[in-house]
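Chemist: here is a sequence with its predicted model. Questions after.
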Amino acid sequence: MIVEQIYTGCLAQGAYYIESEGEAAVIDPLREVKPYILKAKNANAQIKYVFETHFHADFVSGHVDLAKKTKATIVFGPNAITDFAAHIAKDGEEFKVGKYTIRALHTPGHTLESTCYLLLDDMGKERYLFTGDTLFIGDVGRPDLAQKSSITMEDLAGMLYNSLETKIKTLPDEVIIYPAHGAGSACGKNMSKETYDTIGHQKQVNYALLAQSKAQFVREVTDGLAMPPAYFPLNVLMNKHGSISVDKVMKRGTRAFSPVAFELEAKKTGALILDVRASDDFSKGFIPNSINIGLTGQFAPWVGEMILDIKQPILIVAPAGKEIEAVTRLSRVGYDHTLGYLEGGFAAWQAANKEIDTVNRISTTQFAQEWQATDRVFDIRKDGEYAAEHVVEAYHRPLSKINEWIRTIDKNKSFTMYCGSGYRSMIAASILKARGYDNFIEVAGGFGAIAKTNVAKTDFVCPSKQI
């Protein structure tokens, strides 16, 4: 038996490949399906099923493409309604993959159709549980994404409690849990960096499984949930109704443009110029009005957070050899309208003597030497990061809310800005620049480096501070 976790770090997402006796199944596939097809081909196996644990919100699944290319059957759990051919499993229904059995366990709560898949070996022993977003390592799926007028977050949390108590905690302790996500995903709030565990250990350490009552569970699971990224509902719709083939997206998105053609294409289409280079490279020179979201960080989630129109035409500026990766990772979260990339990257733009812009970036050493408690400093990290510790007197202006606080900035007053490492602050810097703001300094290395200097810090949060 082969059970392989295929983990994608930028999405903190786990897909699964299962193979036995020349038959295979894939659970929660990413949009680019070629790796699964090649894996099966190399093993002389036929992909028989594509199992979906639920309608994913944080990425576009490859289920439709994979089924078309392999003639596999797409399987969803009860309550799922799709615009494409799919088998809607009954609770407890079983599917054979070679010598092994996969049993569907309907576990509503994260969403109404959420379903876990239990793998039994050839002796009928319960071995692995693929939990999707129902149960994570250290957490459970957030219950606020599938709310409707008649179903509240608390209703879904109550369903999730029942699912965990009756379907999952009753399984043998030695069953291995394989979830759809790990730390870094916005689908939960307390996920571990570990990507698998046993049910027995999770019953000992997972706060949600330790709840003594449904009321306590609902209270703890719903407390402190951050707003989900804006692109989540759009990805759900794409997964329900189907999306265009990723092959078409890649063919259009990987067209190479010379600097002159690139500039003309941007003007003709109104495309957003997305620069995916590292923040330090971007700060030293970039195409005016381009936005920086580096491939080296949480690229796809921040694209989804910052680019609100999923149909926005996009042109890419990337390091040499990273163009295909950029288009692929955009497609994973439903940004299908990439038009192409700048051939030769930013160096080609410079060589063509085109206009460039820069960001005033300083080191943490320079910040520590010049900083005063009276300076205007913006901390653009998340609420929890700011609450834990921040530069004394710093204003809290999270990147996710930049469209709200950018309007309050006085262009005649300068400020200094930092995040955790310099990744997010350069995203903010590029947005500020594109909107005509040039009255700021950005700190390389962010708070992680600032914390090692003599700059005064505090963990006292003063929410009343205003700009």
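Modeler: Nice, thanks for sending it over.
Chemist: show me where pLDDT drops low in the stretch 351-467 of the chain?
Modeler: Along the stretch 351-467 of the chain, segments meeting pLDDT under 70 span 459-467.
Chemist: all strands for the stretch 351-467 of the chain, in order.
Modeler: Taking DSSP state E, counting those that start in this stretch as the criterion, the stretch 351-467 of the chain carries its strands at 361-362, 377-379, 390-391, 395-396, 415-418, 440-443, 457-458.
Chemist: adding distance to Asn403 and mean neighbour count, write those out as a markdown table.
Modeler: All C-beta spots, glycine's among them, are computed from the backbone N, C-alpha and C. Shown next, in a markdown table, are these (distance: least, C-beta to C-beta, whole Å; neighbours: other C-beta atoms under 10 Å):
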| stretch | distance to Asn403 | mean neighbour count |
| --- | --- | --- |
| strand 361-362 | 23 | 18 |
| strand 377-379 | 15 | 23 |
| strand 390-391 | 22 | 24 |
| strand 395-396 | 16 | 20 |
| strand 415-418 | 16 | 23 |
| strand 440-443 | 17 | 22 |
| strand 457-458 | 28 | 13 |
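Chemist: any idea which of those gets closest to Val249?
Modeler: strand 440-443 (32.7 Å; C-beta to C-beta).
Chemist: got the CA coordinates for that closest one in CSV?
Modeler: Extracted in CSV, the C-alpha atoms of strand 440-443 (Å, rounded to 0.1, in the frame of the first residue of the first chain):
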residue,chain,number,x,y,z
PHE,A,440,7.6,56.8,4.5
ILE,A,441,10.6,54.7,5.3
GLU,A,442,10.4,50.9,5.4
VAL,A,443,12.5,48.8,7.8
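Chemist: hmm, back to that, any chance of a markdown table for the strands of the stretch 351-467 of the chain, columns distance to Ser258?
Modeler: Formatted as a markdown table, the strands of the stretch 351-467 of the chain follow (distance: least, C-beta to C-beta, whole Å):
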| stretch | distance to Ser258 |
| --- | --- |
| strand 361-362 | 29 |
| strand 377-379 | 38 |
| strand 390-391 | 44 |
| strand 395-396 | 43 |
| strand 415-418 | 35 |
| strand 440-443 | 31 |
| strand 457-458 | 49 |
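Chemist: among those strands, which comes closest to Asp144?
Modeler: strand 395-396 (23.1 Å).
Chemist: the closest one pairs with which strands?
Modeler: Strand pairing for strand 395-396, determined by DSSP bridges: strand 377-379 (parallel).
Chemist: which residues sit against the partner strand?
Modeler: 371, 386, 390-391, 393-397, 415-419, 440, 447 (C-beta atoms under 8 Å, 6 or more residues apart in numbering).
Chemist: tell me which two of those sit farthest apart.
Modeler: Tyr386 and Phe440 (18.1 Å).
Chemist: can you give me the helices for the stretch 251-400 of the chain?
Modeler: 259-269, 279-284, 299-306, 323-332, 345-351, 364-370, 383-388 (DSSP state H, counting those that start in this stretch).
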